[in-house]
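1. following is a predicted model, sequence given first.
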Amino acid sequence: MIIGILFLAIAAILALGGFEIQELSVRLATVLAIISIGAMGISSPLFAPAWRIPQVVTTNHPHTFILRYPFFTPRHLFTMLCITSTFTSGIFLSWRYQQVVPAVCIGGLIAVFGFGVLPHAIRCAYFGRLVLSPDHIRVKTHRCDWEFPWTATTSFAADVTSRDGGAIDVRCPAKAMTSRPTSHKPLDWWTPLKSDDGPWKIVPAMWGVNPNSLLSTLNHLHTHPKHRTTLSAGELTAMLMPSTQSDGSMR
């Protein structure tokens, strides 16, 4: 909500300054920027967060499902369109008025977004998956590939002090879990420092699921092994759907 208000405020300021513009091309570029920024402000509180629409993918193995982040959604595509329009307008206006500093700043933002944020987001969306099967839970990202047998895992618990909006602590003996090599090392706070049974930390936001819903789902499947052998995609999706009062923070 705060971000939406900020975008609307920026659009309002541009609109007030745009009344004095006479040149048609400049006015059109300004209007495009105003519409793009205003649209992001209006749509920000309207679009449902990713964790309100968990993406459950079925596999060829019975009762085995994959959770993946719903990256290419109307929300993401709309935001990308608005950002592209805003940057394009900004570059045109900077060129038209021969303003070097704004052009350099916008170019820097494009470089950071294009070479830093976007590749990281695509990499997380491509590699990130959480596999739930009757026998094990597998956590796969570009930084880790861990497999925890249900029978060896002792507990799942919330870690409200962690970054990235909360994490889930997985307790499992190190000799019972499987750790496969990946292209990048896990973050230091994901792995236990001096312990043979964890906790290993998994971040629900990486799969676009509500932390509390995922935690309750894991605990339910852990304590009800028979349900793991009959679980359907519809049931899992319903279990991962957050309550209407949930704000996505762990409790």
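-> The structure has been received and is ready for your questions. The shown structure was predicted, so the numbers you read here are calculated from the model rather than taken from an experiment.
2. sec struct for the closest residue to Asp197 other than its chain neighbours, please.
-> Nearest in space to Asp197, with sequence neighbours left out and distances taken as Cβ to Cβ, 6 or more residues apart in numbering, is Pro173 at 5.1 Å. Quick note: C-beta positions are derived from backbone N, CA and C, even for glycine. In three-state terms, and counting by DSSP: H, G, I helix; E, B strand; the rest coil, Pro173 is coil.
3. so which strand or helix has Thr84?
-> Using DSSP states H and E, Thr84 maps to helix 74-96.
4. which element follows that helix toward the C-terminus?
-> Proceeding N to C from helix 74-96, the next assigned helix or strand is helix 100-112, under DSSP H and E.
5. now for the very next helix or strand once past that following helix, which elements pack on it?
-> Later in the chain than helix 100-112, the nearest helix or strand by DSSP H and E is helix 118-127. For helix 118-127, there is no helix or strand it packs on, judged by 3 or more Cβ pairs under 8 Å, 6 or more residues apart in numbering; DSSP states H and E.
6. burial count for the nearest residue to Ala33 once chain neighbours are set aside?
-> Excluding the flanking residues, the one nearest Ala33 by Cβ to Cβ, 6+ apart is Ser89, at 3.8 Å. When neighbours are counted by other Cβ atoms under 10 Å, Ser89 registers 23.
7. swap in Ala233?
-> Counted with other Cβ under 10 Å, Ala233 comes out at 13.
8. return the distance of the residue nearest to Asp197 relative to Leu77.
-> 44 Å (Cβ to Cβ, to the nearest Å).
9. just Asp188 next, same as before
-> 34 Å.
10. alright, calling it a day.
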